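[1] Okay, sequence plus prediction incoming.
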Amino acid sequence: MARGSFGIASVVVATALAWPSAVGATDKSQAEQLLEEGRRLLAEGRAADACPKLAASQRLEPAAATALALGDCHERRRLWASAWTAYREAGVLARQRNDAERDKLARERADQVEPRLAKVVVLTSATLPAGAEVRRDNVPVPEGALGTPIPVDSGRHSVEAWVGGELKFRTSVTVPEEGGVVTVRLPALTGGPADRLPFSPAREAPDDRFGARTQRIVAIGLAGVGVVGVAVGIGFGASARSMWNDALQNHCDAQRRCDAYGVDEAAIARKNGNVATAAVGVGVVALATAAVLWLTSRAGEPSAGVASRVRAGGVAF
């Protein structure tokens, strides 16, 4: 990939990460609103809808009470690893605030869930070569965590090994709903373009010359950021318009003199409008950058007739 393309991507990602702090004044009220909505959905038995609300609230304003509610939500969906993680986080936050009651509750709930945890352990047959990276579900696994069973939710999980940006091993495993350890054994990994592993033609990995594949992965990630940004902006914009209209119609007179509720509602509407503008701006820039990265990744790509292809694969034990 061209160095300039990475520079653009870095700016966009940095902007996206910086955005929450730029609208920090809104985070608390938004977190409370999401928490209330999540609790309402949970009380209605709609855990699948409640969990994303509670998780979003926790990201905006981490709190022991929210983490406990999120753990309960995951537990109802039988996502034991996510529930256990949320309860442990609740305990940490409670201890930071000297909240002994919530700390005790978090410990009890985590202990209740722990026997149900299913885990994945990645074992290596030799020392990893320089530049090697192991990923589980596309998330890097620290070298120190190799050989250690890590709690995961049930379902399909992927494990990959990369050396010098080249895919060397890939497999997927099915983790049972409750208990047990699933083991994935990595073959001996060595560097160099001549090292190939057998792989099913149906899942043949494309040529990654000049980092084209990596560039496309970055482009897809930025596209996701862009879509989320625009969607969040539209949502906040609609909320701002609705609250503003309600304040003018029901809580303000013709001279826009408002009662206390109208003043608060108008202030929140203005904040939501600012969030909408920022979110849409980040989303548009991310989408534009993703398009540039995707298009430039195809420049200079060798034709299918002469391109050498990297084959990678693996077996789960």
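    Perfect, thanks for sending it. Treat the numbers as computed from the prediction; the structure is a model and nothing was measured.
[2] Just the mean pLDDT for stretch 183-200, thanks.
    The predicted model assigns stretch 183-200 a mean pLDDT of 63.
[3] and what of stretch 242-249?
    69.
[4] With stretch 99-107 instead?
    The model assigns stretch 99-107 a mean pLDDT of 95.
[5] Extract the CA atoms of it and return them as CSV.
    These are the backbone C-alpha positions of stretch 99-107, laid out as CSV (Å, rounded to 0.1, in the frame of the first residue of the first chain):
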residue,chain,number,x,y,z
ASP,A,99,-19.3,0.3,46.2
ALA,A,100,-19.1,-2.8,48.3
GLU,A,101,-22.7,-3.9,47.6
ARG,A,102,-22.3,-3.9,43.8
ASP,A,103,-18.8,-5.4,44.1
LYS,A,104,-20.2,-8.4,46.1
LEU,A,105,-23.1,-8.8,43.6
ALA,A,106,-20.7,-8.7,40.6
ARG,A,107,-18.4,-11.3,42.2
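[6] Report the buried residues of that stretch.
    Across stretch 99-107, burial judged by 16 or more other C-beta atoms under 10 Å covers 99, 102, 103, 105, 106, 107. Every C-beta, even on glycine, is put in place using the N, C-alpha and C of the backbone.
[7] Relative to residue 77, which of these is nearest.
    residue 106 (18.6 Å; C-beta to C-beta).
[8] Against residue 72, how distant is that closest one?
    11 Å (C-beta to C-beta, to the nearest Å).
[9] Overlap in contacts, these two.
    The contact sets of residue 106 and residue 72 do not overlap (C-beta atoms under 8 Å, 6 or more residues apart in numbering).
[10] Could you tell me which ranges of the stretch 1-150 of the chain sit under the pLDDT cut-off?
    Within the stretch 1-150 of the chain, the ranges that satisfy pLDDT under 70 run 1-26.
[11] residue boundaries of the strands in it?
    Along the stretch 1-150 of the chain, counting by DSSP state E, counting those that start in this stretch, strands occupy 118-124, 132-136, 139-141, 150-152.
[12] Out of those, flag the one nearest residue 187.
    Comparison of those against residue 187 by C-beta to C-beta identifies strand 118-124 as nearest, at 8.9 Å.
[13] Next, the angle from the closest one to strand 132-136.
    Per axes from the mean of the first three to the mean of the last three C-alpha atoms, to 10 degrees, the angle that strand 118-124 makes with strand 132-136 is 160 degrees.
[14] Can you spell out which helices and strands pack onto strand 118-124?
    In terms of contacts (3 or more C-beta pairs under 8 Å, 6 or more residues apart in numbering; DSSP states H and E), strand 118-124 is packed against strand 132-136, strand 150-152, strand 155-163, strand 166-175, strand 181-186.
[15] so what strands line up beside the longest one?
    When pairs are called by DSSP bridges, strand 166-175 turns out to pair with strand 155-163 (antiparallel).
[16] CA atoms only: put the strand it pairs with into CSV for me.
    In CSV, the C-alpha atoms belonging to strand 155-163 read as follows (Å, rounded to 0.1, in the frame of the first residue of the first chain):
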residue,chain,number,x,y,z
GLY,A,155,-20.6,-20.6,18.0
ARG,A,156,-18.1,-20.5,15.2
HIS,A,157,-14.7,-18.8,15.7
SER,A,158,-11.8,-18.3,13.3
VAL,A,159,-8.1,-18.7,14.0
GLU,A,160,-5.5,-17.3,11.6
ALA,A,161,-1.7,-17.1,11.6
TRP,A,162,0.2,-14.5,9.6
VAL,A,163,3.9,-14.1,9.0
